[in-house]
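In: mind looking at a prediction? Sequence and model below.
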Amino acid sequence: MTYKKIDAACAAAGLYIVAAFSPAIDLRPEGARTLFLLGPREPGFWSRVQSDTDFQGPNPLDHWSKITISRLGKILGAQALFPFGGPTVQPFVSWALASGQVWQSPVGLLVDSTAGLFVSFRGALAFDRVIALPEGAYQSPCNTCVRQPCRSACPAGALNSDRYDIPTCHDWLDKIDGKSCLEGGCLVRRSCPSGQSYGRLEAQSAHHMRYFHKG
């Protein structure tokens, strides 16, 4: 199995490889040698999943992800892992940062060069063998972001370089002024220059905001 074939299979399923790396032993899932973290491939992801028969249930996006990535795992010979469900909580944030292809932004949220602050994980594929990975000089987009608008984009002051005050965020979303965030997505995430060309629809952001806000 090659990186190119894995990438093509993920693309056909509506996903992109956020990061691929060989994790250190302390972060390695049992039996895994190479780990692929997967996120929504844009543009077109939201319309794709909504038209899929697997987009159903109390949390349809998680259900779709579980079915789709588990199927990919069987096809590619990998173990499918997820950032939701359980009982084991998988360390996706630690994996992402350890990959050297995802970074912590000035406001603490994860960022990558493809999706910016919209970066998210639908799941992962863990291979029990070493897979040759493309060589690349990866660099956080924040290093060359002069304005860093994310630092001051939160209208509620709930998310900045000093803190993420979740109760204040929820209070803001309950107000009329919070409608733009609730229906269009977090203004901090939307402010990131690296995510402007990602193609994520406001409808998808609204879906995530509803699930976040209802707890």
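Out: Alright, I've got the coordinates.
In: which residues sit against the helix or strand where residue 8 lies?
Out: Residue 8 belongs to helix 3-12 when assigned by DSSP states H and E. By C-beta atoms under 8 Å, 6 or more residues apart in numbering, the residues outside helix 3-12 that reach it are 16-17, 20, 36, 38, 41, 72, 75-76, 125, 131-134. Where you see a C-beta, it was placed from the backbone N, CA and C, and this is true even at glycine.
In: from the recorded domain assignment, give the ranges for the protein.
Out: 3-140, 142-214 (automatic domain parsing).
In: so where do the helices sit in the chain?
Out: 3-12, 45-50, 60-76, 92-99, 166-173, 179-184, 187-191, 202-214 (DSSP state H).
In: residues near the closest residue in space to residue 71 that isn't next to it in sequence, how many?
Out: Closest residue to residue 71 apart from its sequence neighbours, by C-beta to C-beta, 6 or more residues apart in numbering: residue 13 at 7.8 Å. Using other C-beta atoms under 10 Å, residue 13 has 18 neighbouring residues.
In: for the residue nearest the centre of the chain, what are its contacts?
Out: Centroid-nearest residue in the chain, with C-alpha atoms, centre = their mean: residue 120, separated by 0.8 Å. Residue 120 is in contact with 39, 40, 208, counting by C-beta under 8 Å, 6+ apart.
In: low-confidence bits of this protein, can you list those?
Out: 215 (pLDDT under 70).
In: hang on, residue 140 packs against residue 110?
Out: No: using C-beta atoms under 8 Å, residue 140 is not in contact with residue 110; the gap is 10.3 Å.
In: buried residues in stretch 167-177?
Out: Across stretch 167-177, burial judged by 16 or more other C-beta atoms under 10 Å covers 169, 170, 172, 173.
In: wait, the residue nearest to residue 71 sits on residue 72?
Out: Yes: with contact defined as C-beta under 8 Å, residue 13 counts as touching residue 72 (5.8 Å).
In: state the distance from residue 116 to residue 19.
Out: 15 Å (C-beta to C-beta, to the nearest Å).
In: residue 92 now?
Out: In terms of C-beta to C-beta, residue 92 sits 10 Å off from residue 19.
In: shared neighbours of those two, anything?
Out: residue 37.
In: quick one on the thing from earlier: how about CSV for the buried residues of stretch 167-177, with distance to residue 98 added?
Out: CSV is the format used below for these (distance: C-beta to C-beta, whole Å):
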residue, distance to residue 98
169, 28
170, 31
172, 33
173, 32
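In: let me know the closest of those residues to residue 48.
Out: The shortest approach to residue 48 among those belongs to residue 173, at 27.3 Å (C-beta to C-beta).
In: the closest one contacts residue 181, doesn't it?
Out: Yes: applying C-beta under 8 Å as the test, residue 173 and residue 181 come out as touching, 6.1 Å apart.
In: between those two, what contacts are shared?
Out: residue 209.
In: circling back to that earlier point, relative orientation of the helix holding residue 8 and helix 60-76 in degrees?
Out: With axes from the mean of the first three to the mean of the last three C-alpha atoms, to 10 degrees defining the directions, helix 3-12 sits at 150 degrees from helix 60-76.
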